[in-house]
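Engineer: Structural data only, the sequence is not supplied:
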């Protein structure tokens, strides 16, 4: 309460909660121990000092290890004056957590430091959509890739739910991201216990190796995403609403693990995450086959339930007992973007990347070549007559990137393409393809050239150029496309 006189000896005692400071003039008893600048401490009722802890009037120096309590995200062990919920905490053994604003942002010893590609999922922020940006009538037996690239609609059982899946803009927690909307247009009653509807990704195995914990077993991993749920006025959903994230491995003994995220409010974007424990059995082969699946639930029956965050052998279970039915009412929808699956116990910020990089990743599995009406995609020649039709053949060059495997080829429709030729070299005439349109496999397809290089096309027309007239094949309208598919 008063000033401490010059020359006094000051003693500070910490009882675990508070400091008690006392002082006395040096002449009143006691002599400083140790050497100059050494901080004094009680040593058997006598003053003592140590070279390991000194103060020169300006700076304090600690020469030996300083032992701190573990701390927590809300109260880190080491923090800044006036900002006590930001700093360093020791939340688990052999780890160091970095905390800002009371939230753990990164955990050294758990989250690896990636130079790039920490996200196992491709197109997690829904930027690439080579197929239609909106597809209606999805459901009642449908499965397959629809909407943004790499996202797969899957259902099983006797489901009757129908959906429109689309790419939207101005979403995510920042209000600026592209996002995938799964809009229920016919409600799902879950009449059978085996009913299941979900959206998933199916990563290539060699892209999953980073998830391994050493040579085998899956490490502790975290999936995070921005999610919005709209529950229509007559929906039975009650917030917080639970959505299941589920991961299933494919190689060796298939394994599964599922956990829920909670969406606390209607029509509000939220960043949510699930941390999956490690598992010593799950594994991935470093090949170009299917490595695992990640899914988020739309709805599921009781036969699809597994214990929360518990690894088990794969039994096609994708929800927990608390997961909600997002499709219980028409006009309900779930929106998702910035989806990330990474190694570690802490969800880190979404790894945005150059859009060209994401596009190349997507085209490893699916290429849609759509150039518009009257654009040629290959020169050729007249081969001869085939079943009363005039057969044309030629070469077309397909650009990279290299694909996962030699792709299957398909067209929007045969009549979306036409053969053009010069009649005797004097006039250009167009002949609609009417019965046959094919793209052959690459003549020397191998892993380094799958889905790129020179391909042979074949087309039949009812009438057309003959003899040695040069021909070429082209898109007949703006809706025409050629698909190369090597998806899993």
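Structural biologist: Arrived safely. Owing to the predicted nature of the structure, the values given are computational and were not obtained by experimental measurement.
Engineer: Give the full set of residues in contact with residue 304.
Structural biologist: The contact partners of residue 304, by Cβ atoms under 8 Å, 6 or more residues apart in numbering, come to 193, 194, 195, 196, 316, 317, 318, 319. Heads up, the C-betas are built off the backbone N, CA and C, glycines and all.
Engineer: Buried subset of those residues as a PyMOL selection?
Structural biologist: The buried residues among the contacts of residue 304 can be selected in PyMOL (16 or more other Cβ atoms under 10 Å) with this line:
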select buried, resi 195+196+317+318+319
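Engineer: which among the contacts of residue 304 gets closest to residue 162?
Structural biologist: Using Cβ to Cβ, residue 195 comes nearest to residue 162 of those, at 13.7 Å.
Engineer: in the stretch 151-300 of the chain, which ranges drop under the pLDDT threshold?
Structural biologist: Scanning the stretch 151-300 of the chain for pLDDT under 70 picks out 215.
Engineer: what packs against the longest strand that the chain contains?
Structural biologist: Looking only at the chain and at elements set by DSSP state E, the strand with the highest residue count is strand 427-439. In terms of contacts (3 or more Cβ pairs under 8 Å, 6 or more residues apart in numbering; DSSP states H and E), strand 427-439 is packed against strand 389-398, strand 408-411, strand 417-423, strand 453-461.
Engineer: isn't there a strand covering residue 415?
Structural biologist: No: assigned with DSSP: H, G, I helix; E, B strand; the rest coil, residue 415 falls outside any strand and is helix.
Engineer: Let me see the contact set for it.
Structural biologist: By Cβ under 8 Å, 6+ apart, residue 415 lies in contact with 432, 433, 434, 476.
Engineer: and if we set it to 6 Å?
Structural biologist: Each residue near residue 415 by Cβ atoms under 6 Å, 6 or more residues apart in numbering is listed here: residue 432.
Engineer: again, but for residue 297
Structural biologist: With contacts defined as Cβ under 6 Å, 6+ apart, residue 297 is in contact with 198, 243, 244, 319, 323.
Engineer: Distance-wise, check the last one relative to residue 198.
Structural biologist: Residue 323 sits 10 Å away from residue 198 when distances are taken as Cβ to Cβ, to the nearest Å.
Engineer: can you confirm residue 357 is in a helix?
Structural biologist: Yes: looking at residue 357 with three-state DSSP, it is inside a helix.
Engineer: rewinding a little: which residues are in contact with the longest strand of the chain?
Structural biologist: For strand 427-439, the external contacting residues (Cβ under 6 Å, 6+ apart) are 389, 409, 411, 414-415, 417-420, 422-423, 455, 457-462, 464.
Engineer: Now, of these, which are buried?
Structural biologist: Neighbour counting with 16+ other Cβ under 10 Å marks 389, 409, 411, 417-420, 455, 457-461, 464 as buried within those.
Engineer: returning to what we had before: give me the buried entries from the contacts of residue 297.
Structural biologist: Among these, those classed as buried by 16+ other Cβ under 10 Å are 198, 243, 244, 319, 323.
Engineer: now the residues you listed in TSV, with secondary structure and distance to residue 349?
Structural biologist: Formatted as TSV, the entries for the buried ones among the contacts of residue 297 read as follows, by DSSP: H, G, I helix; E, B strand; the rest coil; distance: Cβ to Cβ, whole Å:
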residue	secondary structure	distance to residue 349
198	strand	26
243	strand	21
244	strand	23
319	strand	28
323	coil	27
